[in-house]
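**Q** Got a sequence here, can you build the structure:
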Amino acid sequence: MSRPCILTCIVAATVACADGPTNPPADDTVLVVLPAEVDLAIQAALTLTALLVFDGTDTAAVEPTWATRDPAVATVTEAGVVTGVAQGVTRIVAEIYGLRDSASVTVDDTILPPPGLRLITSDLSQPVFLTVAPGDPTRLFVVEKTGAVRIVRNDTLLTAPFVDVGTLVSSGSEQGLLSIAFHPDYATNGYVYLSYTDTADSSKVMRYEASAPERLDPTSAVRILAVAQPYSNHNGGLIAFGPDGMLYMGLGDGGSGGDPQGNGQNTATLLGSILRLDVDGAAPYAIPSDNPLVGQAGARGEIWVYGLRNPWRFSFDRSTADLYIGDVGQNAWEEVDVQPAGSAGGENYGWNVMEGSTCYDADTCQTQGLVLPVTEYTHNEGCSIAGGYVYRGTAVAALEGRYLYADYCGGWVRSFTYVNGVATDAREWPVLSPGSQVTSFGEDGAGELYLMTQGGALYRIVPVPGL
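**A** From the prediction side, this is the model:
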């Protein structure tokens with residue numbers, strides 16, 4: 001059962017959950033079309049979303065009748081997909097149950113170049129993450145699952161690694177060296193954090209110091225955190241500094257299948273959560289006093305959000321500070337969760353009560369207090385989500401403001417735009433598909449995006465004329 005359907009079931013007295021409301025809604029219900037204002041280039045397209053809003057708060061997605069006031073300017077399909085035709089202004093009108101709303105569409109004569117992929121190198125060994133050092137415009141740091149951090153300088157893969165911790169890493173299954181994070185004050189303190197599964201099968205975060213711009217000092221290692229892993233899968237492993245300067249770490253539910261230890265809903269363990277740590281407040285870290293579970297009996301104060309199965313990749317929108325989480329599903333559903341900027345934390349994303357927005361291994365379940373995904377897809381379309389980033393670069397205008405994500409098995413890349421708590425303008429980008437086995441995205445200092453594959457390829461997303 002989807003989130004909109006759940007809300008509709010609560011508000012409307014007579015409902016067919018598979019198809020939405022069967023009777024007109026109450027008098028205090030309004031229809032809202034998002035986004036309300038659209039700027040389109042000729043030949044560009046986007047998908048409008050129609051919502052019923054109850055009491056000014058609860059929402060449910062619906063499928064209205066769509067119409068365009070001027071098809072010579074923009075057309076619209078039954079699914080709400082708007083395409084720019086010629087320069088001008090028109091309105092796209094939605095109607096359902098006698099309720100109407102519309103979006104203003106402005107089409108200009110610019111034809112935006114579509115995105116494409118430029119291969120940088122195919123000589124990496126199982127790349128799983130990419131990032132940059134603050135203030136460094138020339139180097140990309142690429143994490144190899146087997147234990148090395150490789151440097152790509154001015155689009156050339158260097159022979160010598162930034163660091164190689166292969167002897168310390170267990171790299172079977174979903175284990176390995178999984179990510180790297182540069183301290184916001186890296187230019188002055190030289191601190192770099194590595195997240196990996198050690199040979200004792202624990203998820204570990206270690207801090208190193210750079211001895212040169214292209215070399216970490218292997219003798220400078222300081223342990224920040226170690227979390228025992230009961231199984232070899234669902235290690236999570238991403239670390240990233242947030243806009244608040246805190247270090248965030250994603251941990252899966254401990255592995256196996258179905259969360260047999262119940263870690264997703266257990267705040268007494270760090271597993272199944274994203275943690276928020278102050279690595280500057282104490283050694284090895286301090287728990288921020290404003291973390292949501294601080295002071296709660298039996299709960300771990302490090303937890304920022306929980307109820308996650310395997311948050312393999314998450315990211316902060318560098319423009320809005322919203323937190324996007326790609327959570328890998330069990331047997332049926334993959335999902336993207338979004339925590340809006342300004343949240344006080346403590347969201348419970350539902351696993352293993354829910355898988356996506358569906359009750360897991362049960363006909364019914366208690367969903368009160370759970371935060372359901374903003375988008376999801378079934379295993380008919382893929383098998384394992386690779387969460388990405390909101391595009392905030394300048395090279396590919398067609399992607400501005402879109403959150404990009406991919407699937408390891410499906411090989412596709414999709415996007416949506418997050419507006420007022422809703423995933424809108426969903427679309428797929430065949431031109432960005434490298435074929436299969438997308439392991440991760442990466443973002444550089446300018447906001448440009450990269451993707452990489454299990455087979456060793458690293459691509460930059462570019463406008464097609466730049467290929």
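**Q** and Asn310, what does it touch?
**A** Shown in contact with Asn310 (CB atoms under 8 Å, 6 or more residues apart in numbering): 174, 233-236, 252-253, 327-328. Quick note: C-beta positions are derived from backbone N, CA and C, even for glycine.
**Q** cool, and Tyr403?
**A** 317, 324, 336, 388-391, 415-418.
**Q** mind redoing it with 10 Å?
**A** Going by CB atoms under 10 Å, 6 or more residues apart in numbering, Tyr403 touches 315, 317, 322, 324, 326, 336, 338, 374-375, 387-391, 414-418, 423.
**Q** What of Leu432?
**A** Taking CB under 10 Å, 6+ apart, one finds 114-117, 396, 399, 404, 406, 412-415, 438, 449, 451, 459, 461 in contact with Leu432.
**Q** Which among those residues count as buried?
**A** 114-117, 396, 399, 404, 406, 412-415, 438, 449, 451, 459, 461 (16 or more other CB atoms under 10 Å).
**Q** For the residue nearest to His379 when sequence neighbours are not counted, grab phi and psi.
**A** Distances taken as CB to CB, 6 or more residues apart in numbering put Ala332 closest to His379, at 5.7 Å, once the chain neighbours are dropped. When read as degrees, to the nearest 10, the backbone of Ala332 gives phi -130, psi -40.
**Q** Do I have it right that Ala332 meets Thr358?
**A** Yes: counting by CB atoms under 10 Å, Ala332 touches Thr358, with 6.8 Å between them.
**Q** who's more crowded, those two?
**A** Using other CB atoms under 10 Å, the more surrounded residue of Ala332 and Thr358 is Thr358, with 19 against 14.
**Q** any common contacting residues for Ala332 and Thr358?
**A** The contact sets of Ala332 and Thr358 overlap at 376, 378 (CB under 10 Å, 6+ apart).
**Q** Can you give me the distance of Asp201 to Gly272?
**A** With distances taken as CB to CB, to the nearest Å, Asp201 is found 17 Å from Gly272.
**Q** Gly66 contacts Ala79, doesn't it?
**A** Rather than Gly, residue 66 is Trp. Yes: with contact defined as CB under 10 Å, Trp66 counts as touching Ala79 (7.9 Å).
**Q** Out of the contacts of Asn310, which sit inside strands?
**A** Asp327 (DSSP state E).
**Q** I'd like the contacts of Asn310 laid out as JSON lines, including distance to Tyr193 and neighbour count.
**A** Below are the contacts of Asn310 laid out as JSON lines (distance: CB to CB, whole Å; neighbours: other CB atoms under 10 Å):
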{"residue": "Glu174", "distance to Tyr193": "20", "neighbour count": "23"}
{"residue": "Asn233", "distance to Tyr193": "23", "neighbour count": "17"}
{"residue": "His234", "distance to Tyr193": "21", "neighbour count": "28"}
{"residue": "Asn235", "distance to Tyr193": "16", "neighbour count": "29"}
{"residue": "Gly236", "distance to Tyr193": "15", "neighbour count": "31"}
{"residue": "Gly252", "distance to Tyr193": "19", "neighbour count": "28"}
{"residue": "Asp253", "distance to Tyr193": "23", "neighbour count": "32"}
{"residue": "Asp327", "distance to Tyr193": "22", "neighbour count": "29"}
{"residue": "Val328", "distance to Tyr193": "23", "neighbour count": "25"}
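**Q** tell me which of the contacts of Asn310 is nearest to Gly442?
**A** Gly236 (17.2 Å; CB to CB).
**Q** hang on, the earlier thing: which of the contacts of Tyr403 are buried? Put it as a ChimeraX command.
**A** Selecting the buried subset of those in ChimeraX, with 16+ other CB under 10 Å as the burial test, is done by:
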select :315,317,322,324,326,336,338,374,375,387,388,389,390,391,414,415,416,417,418,423
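**Q** could you show me where the strands are in the stretch 101-250 of the chain, in order?
**A** Using DSSP state E, counting those that start in this stretch, the strands found in the stretch 101-250 of the chain span residues 115-121, 127-131, 139-144, 148-153, 156-157, 163-164, 177-182, 191-197, 202-212, 215-228, 239-241, 247-251.
**Q** Go through these and pick out the most buried.
**A** Most buried of these, by mean neighbour count (mean count of other CB atoms under 10 Å): strand 247-251, with a mean of 27.
**Q** continuing past that one, what's the next helix or strand?
**A** Per DSSP states H and E, the first helix or strand lying C-terminal to strand 247-251 is strand 273-277.
**Q** other SSEs contacting that next one?
**A** In terms of contacts (3 or more CB pairs under 10 Å, 6 or more residues apart in numbering; DSSP states H and E), strand 273-277 is packed against strand 215-228, strand 239-241, strand 247-251, strand 303-306.
**Q** 6 Å - rerun?
**A** strand 247-251, strand 303-306 (3 or more CB pairs under 6 Å, 6 or more residues apart in numbering; DSSP states H and E).
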